[in-house]
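J.: make a model of this:
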Amino acid sequence: MTNLAAGKCVPCRGGDPSLTEAEIADLMSHVPQWQTVTQDNILRLQRVFKFKNYAQAVDFTNKIAAIAEEEGHHPLIVLEWGKVTVQWWTHVVKGLHRNDFIMAAKSDELFDRSDGS
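T.: Numbering: from 1, shown residues only. Next up, the predicted model:
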């Protein structure tokens, strides 16, 4: 099985293709708690992470922000009491790229190491 969390994001350029449906289906098996959603006509990966309180949700949000900055790939993060919703997609390809699945796997790894419920 591919360890996506060990991967690194590679810079995308305009003209790079988004993933095909078959590629997405294959990669979804590596991040089973994520779902695809369409927002603004763009396919994205989304997961809702649940926590026992606001402080844990804030801590997780900050960890996601740090790894996003390190990888140069930035998500939409919605922080609420006891809940953090994360969406990954690649702006330049207007859809999903392997980088999004790498970052989803890294997000899962951060959650597994957190105090989430």
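
J.: now the helices for this protein?
T.: Here the chain has its helices, by DSSP state H, at 21-28, 54-71, 98-112.

J.: same for the second one, what does it pack against?
T.: When you say that, I think you mean helix 54-71. Packing partners of helix 54-71 (3 or more C-beta pairs under 8 Å, 6 or more residues apart in numbering; DSSP states H and E): strand 76-80, strand 83-88, helix 98-112. The C-beta positions use only the backbone N, C-alpha and C, and glycine is treated the same way.

J.: okay, the first one in CSV with CA atoms only?
T.: So the one you mean is strand 76-80. What follows is strand 76-80, C-alpha atoms only, in CSV (Å, rounded to 0.1, in the frame of the first residue of the first chain):
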residue,chain,number,x,y,z
LEU,A,76,-9.7,25.6,3.3
ILE,A,77,-10.0,25.2,7.1
VAL,A,78,-13.3,25.9,9.0
LEU,A,79,-12.8,25.9,12.8
GLU,A,80,-15.8,25.5,15.1
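
J.: and the angle for that strand with strand 83-88?
T.: Angle of strand 76-80 versus strand 83-88, following axes from the mean of the first three to the mean of the last three C-alpha atoms, to 10 degrees, is 180 degrees.

J.: list the contacts of the residue sitting nearest the centre point of the chain.
T.: Residue closest to the average C-alpha location in the chain (C-alpha atoms, centre = their mean): Ala104, at 3.2 Å. Ala104 sits next to Leu4, Val31, Trp34, Leu45, Arg47, Val86, Trp88 when contact means C-beta atoms under 8 Å, 6 or more residues apart in numbering.

J.: just to revisit the earlier point, looking at the helices of the chain, which one is packed in the most?
T.: Of all the helices of the chain, helix 98-112 carries the top mean neighbour count, a mean of 22, counting by mean count of other C-beta atoms under 10 Å.
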